[in-house]
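S.K.: no sequence on this one, just coordinates:
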């Protein structure tokens, strides 16, 4: 299905070789000042061709709002957004040998098994261009979250190959215990992230990551990495038991991004090795409750001393920072020749990808992770807003 | 929301202190031989009180089918299943100090923030008893998947604390490259899993895990772990782009299980450090295609030499084994006294949990992971079956 | 599908020959005082065996809340409700000739075509007993609507066969212009409706209707009728463009009731013959706006002089009374012998229904219509409440 | 919500004063030959400015496929379709008096109550232009239904004001008993419908209808009417109990069309006055079962002598013709001056609509009714196809 969300619903369309890609955002609140200028930066951040370490495919990727906004303000009706595929060239692929051979670890084979139809682009909707619609929708949501609740969403590259920004140590095997990591969660901004091409907020580590990617690119190989994301100023009460626990919808959203292989929240996998007595987040009185309620959500009376939970307990936000990490595999399309067989399994062959491709996707994945996070949080916020409005005082 | 699935829809109800828990399974196929005897084993496997290392709460947990089955065969109409809460004692909690203090890292606080209503059980639907409905629904789905396509789903405990069944090695930093792990995926059965109390198929490692859990129990502390799951004999073409990629719905399903903190599929987080040239799964002719198509699904012409993808490429199954790992944190409820504050933040206090609780959830989580996997696979199978029926020959 | 509603979701289960029927209501607001006593009256009103003109099948139909309510207050979690099928006797049907012959205009044939499985009850979920779950869910919603907004929902029998409560006249071909009808909309209560067995608020007309039904019963034949429903004190702004216009979801809800053949709102079919100049509802200043906003909804500044729209314009409520009419066909099951063929089409036969059946369904349909109306309105109310909470001031 | 359908999902966007209107169709089957030429005729049929009796607003309304089709064949991925609003002039409305006064019986007032935002077009998504997306989506579905199962969908104008094509008579108070009507159901084609401007297949009646509309137009008034629709060659088994009974989703779809006030299927409202003994549709052996199953659906063994059910029994198709009637009120926008008040209720005024408007919507509603019918049937067909694929032989 191409729709995400329960109350706020994002439906995307488009593959790489069609006139346009885009999305419809349904149930977006009315009265929100919105313009294309607000959406363009995130769409541009995911664009290819931004640096020597991303794919040279060059697309202007100008987002155009088709509906739901008038006089610079949202109407409450569906907001359709379109980005033209200026650089689409279906004819280029005709007769190419790529049509005979499924690319290893790419979606060419599975799309054909699923649909029985072979598109010129092979993997159809698994194309990275599909994510443009999400990024546009996410930018819209992020804008609302900032305006209405001051919510901040920042993602960054936390590892490339074996180069980790903050690797686990003997003292802190789990990042959620590491003061350096916790400080980063508090302070990191999109500006510091964008200071380096690779989008890691530590310039020294970033330099190593960039060199690593360049090396793989030069060898016509590719490499994976991870993206970490923090969400600050989240109201309490977001997330719906049982099947819409916030970590579940975040995991769903993240694993729907192409090339992802894993998701962990709060203490994550490393946290499974920590006893309950040191993993539990102790409650204390929240020192910071004087401010007024914002759009119906008040500051909670309690907060926690630690945050191994990653801001979510029982599937519901507790007001602490939400943070999670997403694993991206090394891109399947590489220049190195690969042994493969035809779709019919009839004869072997060597596949040498000639097209445009990224040696490492994580730098461009940063705005996509932010987009999916924004959509998840906004959907949960609207659901909980509806509940608050409906609840009767005991 | 309490409903999971797009075509096959499972809706659960119930918390720990109400007359019953259960579920409604909508859109289950007609004509399937089903009885309560088929469902009971999995429901019993998740039951507390099975051994010295699980909670002593004693519940018969007898599943009763209310509708949708007649003469031992499914009608195609909704199947409601109910399990009585024989041991529910809401009055026990009245006046207890647990009502004053939110339990650290439990859902007491967030449920109150969300709903503004304090249930006697504190965390409401975050209770482990909610999972009974899923396990019953999952057992139904699993039964169908086995009957109709020979699909096998087996989960087991892959780590408890720092004791790993197959730890990463220098030679095989990533399990999907490790021959021992790959052989396990092929061979592991529910019978070998259940030979040990802790549900790890290696008796030696299991003994260490059991000792580890017993130690934490004796210290009135708790510990986390991971569960790994394999799905064999999966038809190709399952999983719906974009937002219903199979790994995305699996991640959603797994992260909706209480106490989970992470999910990884195929090569997972470790795989992000492996270059594309060794991560890509090369295609070969499938040597095993002679068998007939089963319920409309034929064996694919191609298979892969390796399986770093975990059986899913571009969100769609390629016919290889699906395997994934789920992280469970250490249980929040421990006997050790914990410093906390009242719900109102007014005064500090010591919380000493007296109730029944597990020192480690992973042994009992095994059938829950299998259940959610069954529901995800069956939903994807029905969706793809509908598409195959509808597709026109090119 | 067995689920109704977008935000408030009602899922029903059960047919006539299984242990129980019931429903799960998901996303019901927390903090609402609820008990089984509040729900029972509506469930009892739809019960068979209430009078000489309804089916003699005798069922206690006691509704039991399974979850989501504690200490007499809703928790915000799913509310499961169950009614035992005390009188279910699947064995009675074994070997009966009804298994050979599909009953004309009943669902026996279509259920077999759909599912390929023959249930003892023939029509499976088309059984009137399925509606118990809806009535229980509707009673819950109605209770909330009354408590939170003073909304009143009253349905009554407006015709039986050709006996109409307020038939069209030359002066008033369309009821929405008829002062007597408009006064009825304002004044009718459930108490006046229940004063007559047939549930028509005019005792004289009711007597004729009852005689008509008795005559058809005596002839072992059956007859149809219509039910009209009014919803008073509805806030403005309910109903979601485009596909969830309130009249569309009401029509959906009503036509999902067994034996319905039509739905019309406001001026309805007769209104199509009235020119725009006399059909349009002129706006005037609302004389009645002094009262405070209730749960976030304020009284509108405008009201209309007439109400041909039936309280909905562009799919959205304008604050006027919503009223609509539903057509119910004559019951298919009759005592008169009917010519038919076997399911296999092999030989002809005479079908003489021996079972329990209603000669006219409209009296018992009254609480079912009220139930579906309650669910529709409450779903729309929760959706709009969420929007109001989320909207930013321009 | 702007999405319709459970398996086949149509999401529309756009209002009258934005760059474009359109839709995304998700889950459309792969391998279907499709081009814009196939879709354009229906889009053109709903276009304004086709004759003297429709609105003079002149729009080219050229539909453009954006995605999901390659090489003239569907890929199975979302199909986005866009129609430019060439004639949109939001600035024209600035400063107009229409912004002060809500138009009676139009959606201006309710949209403002709902969203708190006043769009230049007043009624936002209640604009007739929104229906373009549906007509494009419906044309796509209709094309598939024809290709895959030979299903034919034809709608026509059955009344304008008090001029009825086949009025009820003393002999046949209910059309489903009238041989002339039943013959029409069997024979009517889109070609015969389009022979008259008003889209009534009887030229004599059509002439009267056209004169009637012209008279109302000349008086600057408006008039309503009804549209009847037949669906032929429908497989058995379509429609999902309980809440997705086919008549319920058809009613939902029809009442979601702007200006509709009623829906009746089969014998409808008139049928409520007919006894069961003459209303029941007797089963007979189907003389016409020799043909092969088409896309998995076989001809049924039984058919019925009469068809008061309108092709649906218990919510499920029985293979007979589906037919239903939809009521459309007289358009709210008229040239005659109308007394009204400002949005603030502050002062009275006379509203004289100057814009482009239809004196009667039914001729242009014909393709919209066909479109919604196509979407409903196709959704039900895909659902049932999935079930057949999944069912196990008893």
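M.R.: Yep, it's here. Being a predicted model, the structure only gives us computed values, none of them experimental.
S.K.: could I get the average pLDDT for the longest helix anywhere in chain A?
M.R.: As assigned by DSSP state H, the longest helix anywhere in chain A is helix A:362-390. The average of the pLDDT scores along helix A:362-390 is 96.
S.K.: now that helix against helix C:362-390, angle please.
M.R.: 120 degrees (axes from the mean of the first three to the mean of the last three CA atoms, to 10 degrees).
S.K.: quick one, strands of the stretch 51-200 of chain A?
M.R.: Assigned by DSSP state E, counting those that start in this stretch, the strands in the stretch 51-200 of chain A fall at A:63-65, A:69-70, A:73-74, A:79-84, A:152-160, A:163-164.
S.K.: what's the neighbour count on the nearest residue to residue A:117 once chain neighbours are set aside?
M.R.: Using CB to CB, 6 or more residues apart in numbering or on different chains and skipping the chain neighbours, the partner closest in space to residue A:117 is residue D:30 (4.5 Å). Backbone N, C-alpha and C define where each C-beta goes, glycine included. Number of residues near residue D:30 (other CB atoms under 10 Å in any protein chain shown) recorded here: 23.
S.K.: correct me, but residue D:30 touches residue A:113?
M.R.: No - judged on CB atoms under 8 Å, residue D:30 makes no contact with residue A:113 at a distance of 11.5 Å.
S.K.: can you list the residues of the stretch 201-350 of chain A near chain C?
M.R.: Counting by CB under 8 Å from any CB of the partner chain, the stretch 201-350 of chain A comes close to chain C at A:241, A:295, A:296.
S.K.: now do 10 Å
M.R.: Neighbours of chain C within the stretch 201-350 of chain A, by CB under 10 Å from any CB of the partner chain: A:240, A:241, A:242, A:295, A:296, A:297.
S.K.: how about the last one, nearest residue that isn't a chain neighbour?
M.R.: For residue A:297, ignoring the flanking residues on the chain, the nearest one in space by CB to CB, 6+ apart is residue A:235 at 3.8 Å.
S.K.: enumerate every residue touching the one you found.
M.R.: Applying CB atoms under 10 Å, 6 or more residues apart in numbering or on different chains to residue A:235 gives the contacts A:148-151, A:293-300, A:317, A:319, A:377, A:380-381, A:384-385, A:388, B:113.
S.K.: whatever helix or strand residue A:214 lives in packs against which elements?
M.R.: Secondary-structure assignment from DSSP states H and E places residue A:214 in helix A:203-218. Packed against helix A:203-218 by the contact rule (3 or more CB pairs under 10 Å, 6 or more residues apart in numbering or on different chains; DSSP states H and E) you find strand A:152-160, strand A:163-164, strand A:225-232, helix A:362-390.
S.K.: okay, the angle between it and strand A:152-160?
M.R.: Counting by the same axes, to 10 degrees, helix A:203-218 lies at 60 degrees to strand A:152-160.
S.K.: where do the helices sit along chain A?
M.R.: Taking DSSP H to define them, one finds helices in chain A at A:36-45, A:90-93, A:108-115, A:131-149, A:179-187, A:190-194, A:203-218, A:246-255, A:268-271, A:276-279, A:362-390.
S.K.: could you export the ones you listed as JSON lines, including mean neighbour count?
M.R.: Compiled in JSON lines, those are given as follows (neighbours: other CB atoms under 10 Å in any protein chain shown):
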{"stretch": "helix A:36-45", "mean neighbour count": "18"}
{"stretch": "helix A:90-93", "mean neighbour count": "12"}
{"stretch": "helix A:108-115", "mean neighbour count": "27"}
{"stretch": "helix A:131-149", "mean neighbour count": "25"}
{"stretch": "helix A:179-187", "mean neighbour count": "15"}
{"stretch": "helix A:190-194", "mean neighbour count": "16"}
{"stretch": "helix A:203-218", "mean neighbour count": "18"}
{"stretch": "helix A:246-255", "mean neighbour count": "30"}
{"stretch": "helix A:268-271", "mean neighbour count": "23"}
{"stretch": "helix A:276-279", "mean neighbour count": "22"}
{"stretch": "helix A:362-390", "mean neighbour count": "27"}
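S.K.: ok, which of the ones you listed comes nearest residue B:137?
M.R.: Of all the helices of chain A, it is helix A:246-255 that lies closest to residue B:137, at 16.4 Å by CB to CB.
S.K.: quick check, the closest one touching chain B?
M.R.: Yes - against chain B, helix A:246-255 shows contacts by CB under 10 Å from any CB at A:246, A:247, A:248, A:249, A:250, A:251, A:252, A:253, A:254, A:255.
S.K.: export the residues you listed to TSV and tack on distance to chain D and pLDDT?
M.R.: Formatted as TSV, the residues of helix A:246-255 next to chain B follow (distance: CB to the nearest CB, whole Å; pLDDT from 0 to 100):
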residue	distance to chain D	pLDDT
A:246	22	98
A:247	26	98
A:248	22	98
A:249	18	98
A:250	23	98
A:251	22	98
A:252	17	98
A:253	18	98
A:254	21	98
A:255	19	98
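S.K.: right, and out of those, which lies closest to residue A:135?
M.R.: If you rank these by distance to residue A:135 using CB to CB, residue A:253 comes first, at 12.6 Å.
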